[in-house]
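Asker: sequence unknown, structure follows:
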């Protein structure tokens, strides 16, 4: 399973766009990239998943360069409620996050 | 999205007793479920993989006789912490593999006193 590296923490202000980058230099051909959000004392919640290029859903965008050795989660116009820990996971298919190694995650703090 | 429910959300037990935590996939069948443990301000650590109808696969360092896992149906996996001790106090989280992603339960806070 590919190891991931993320910044330990980030600060932002309400209304700003936040970009969190994850490095996964050893990503395998069959690996997908998935991002999860976790609030204190809750289970992780799926945000977005991608394989290459760009993926967008109603809450975020995921940018993956051609070499797939990194990925960037983009959160548009964050609010205070986006304060959480964000995890980048790399693994195969639908068991991606089920049996993936969770890194340290990025603690995002959104300030008013 | 799919829903995975854990029960109970929190539990306090006396040292030496056993505690059972249930993980249910409410709207899909999950042949594979996973159990994690998370200590305060730390990341999730995979404990074991639970497969319906077969024995669980434990990660290195996890005592299979202490953390009993049963996956008797396609919608239910249980984790029993046997002879719990204060050092077993933690946040336990399950996940179930869906068609394209894994879904996590809300977690169970176990406190052993």
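Answerer: Cool, the structure landed. Fair warning: this is a prediction, and the values are worked out from it, not measured in the lab.
Asker: residues in contact with the residue nearest to the spatial centre of chain B?
Answerer: Central residue of chain B (C-alpha atoms, centre = their mean): residue B:35, 3.9 Å from the mean position. Residues near residue B:35 by C-beta atoms under 8 Å, 6 or more residues apart in numbering or on different chains: B:23, B:46-48, B:50, B:67, B:69, B:77, B:79, B:92-94. Every residue, glycine included, has its C-beta placed from N, CA and C.
Asker: now do residue A:110
Answerer: Applying C-beta under 8 Å, 6+ apart as the definition, the contact partners of residue A:110 turn out to be A:11-14, A:18, A:78-83.
Asker: how about the least confident helix or strand in chain B by mean pLDDT against chain A, any contact?
Answerer: For chain B, counting by mean pLDDT, DSSP states H and E, strand B:102-104 ranks last in confidence among helices and strands (a mean of 87). Yes: Strand B:102-104 lies in contact with chain A when judged by C-beta under 8 Å from any C-beta of the partner chain; the contacting residues are B:102-104.
Asker: out of those residues, which is most surrounded?
Answerer: Each of the residues of strand B:102-104 next to chain A was scored by neighbours using other C-beta atoms under 10 Å in any protein chain shown; the highest score is residue B:102's, at 27 neighbours.
Asker: ok, that residue touching residue B:49?
Answerer: No: judged on C-beta atoms under 8 Å, residue B:102 makes no contact with residue B:49 at a distance of 11.5 Å.
Asker: Now do the same contact list for residue B:68.
Answerer: With contact taken as C-beta under 8 Å, 6+ apart, residue B:68 is in contact with B:79-80, B:82.
Asker: Which members of the contacts of residue B:35 are positioned in strands?
Answerer: In this view, these that belong to strands under DSSP state E are B:23, B:46-48, B:50, B:67, B:69, B:77, B:79, B:92-94.
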